[in-house]
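S.K.: Test case, fold it:
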Amino acid sequence: MTFDTLQERLDYRFKAPAGLRQALTHRSYGQPNNERLEFLGDSVVNHVVALALFSRFPQLREGDLSRLRAQLVCQDALHGIALDLELGAVLRLGEGELKSGGAERPSILSDALEAVFAAVYLDGGFDAAKTVIDRLFAARLATLDPTTSLKDPKTRLQEWLQARRRQLPKYRLVATHGEAHAQQFEVECTIDGGMQTRGVGSSRRAAEQQAALAAMETLENHAG
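M.R.: Down below sits the predicted model:
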């Protein structure tokens with residue numbers, strides 16, 4: 001993939017392409033890199049998503065809005081959007097990061113996406129950044145249901161099983177991947193009857209939540 005293809009997927013054409021190039025430059029590659037842009041992009045995306053939630057859910061209290069925003073603007077969600085954009089194909093990484101799979105690492109991809117949002121903001125202003133972010137988050141916002149989304153997947157799974165008088169799930173750490181500073185944890189969730197799902201995350205807790213989410217989706221599909 002090329003920078004031109006990425007701009008088509010963002011539906012935004014940079015007036016100064018150097019900004020996009022910097023947003024896609026990891027510190028392992030050299031200077032200028034995307035660390036400062038990531039800092040700015042984090043604030044921009046949180047602002048835009050806060051506006052969207054504020055408008056979409058006028059009945060929700062501040063704490064609930066904050067929890068929903070935290071679910072939407074988290075590493076896993078940003079990583080998913082970065083994968084949809086195939087951002088890893090245009091990242092500029094140092095040789096060591098390339099060899100260790102940095103182009104697929106959730107932390108690197110999510111940080112780069114935030115840097116891209118900042119680059120759009122600096123190049124075209126807030127309205128341009130808002131348009132890009134709103135479009136990329138549209139599907140996730142459309143399926144957001146506060147009645148279930150305000151509960152984390154582990155809580156939802158536990159309540160679902162308890163309501164049906166079934167045993168509670170068991171979580172087991174299966175493996176860890178990557179170096180100490182950027183580890184990924186793989187966790188297995190087992191439910192009575194032999195059903196097993198797995199989740200991967202940047203912490204054991206995040207991996208458990210992903211495994212619980214996979215189990216919840218499987219159970220709901222079978223129930224439906």
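
S.K.: Helix or strand for the spatially most central residue of the chain, just tell me which one.
M.R.: The residue lying closest to the centre of the chain (Cα atoms, centre = their mean) is Ala77, at 2.0 Å. Using DSSP states H and E, Ala77 falls within helix 75-85.

S.K.: contacting residues around that helix?
M.R.: Contacts to helix 75-85, defined as Cβ atoms under 8 Å, 6 or more residues apart in numbering, come from residues 6, 9-10, 45, 71, 88, 106-107, 109-110, 112-114, 136-137, 140, 201-202, 206, 210. No exception for glycine: its C-beta is placed from N, CA and C like everyone else's.

S.K.: In helices, which of the residues you listed appear?
M.R.: 6, 9-10, 45, 71, 106-107, 109-110, 112-114, 136-137, 140, 206, 210 (DSSP state H).

S.K.: which residues of this protein fall in strands?
M.R.: 170-177, 184-191, 195-201 (DSSP state E).

S.K.: In a markdown table, list those along with mean neighbour count and distance to Met1.
M.R.: Putting these into a markdown table (neighbours: other Cβ atoms under 10 Å; distance: least, Cβ to Cβ, whole Å) gives the following:
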| stretch | mean neighbour count | distance to Met1 |
| --- | --- | --- |
| strand 170-177 | 13 | 25 |
| strand 184-191 | 20 | 24 |
| strand 195-201 | 18 | 24 |
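
S.K.: For my notes, please list the ones you listed in CSV and give mean pLDDT for each entry.
M.R.: Below are these laid out as CSV (pLDDT from 0 to 100):
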stretch, mean pLDDT
strand 170-177, 92
strand 184-191, 93
strand 195-201, 91
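
S.K.: Of all the helices and strands in the chain, which has the lowest average confidence?
M.R.: Scoring the helices and strands of the chain by mean pLDDT, DSSP states H and E places helix 146-149 at the bottom, with a mean of 74.
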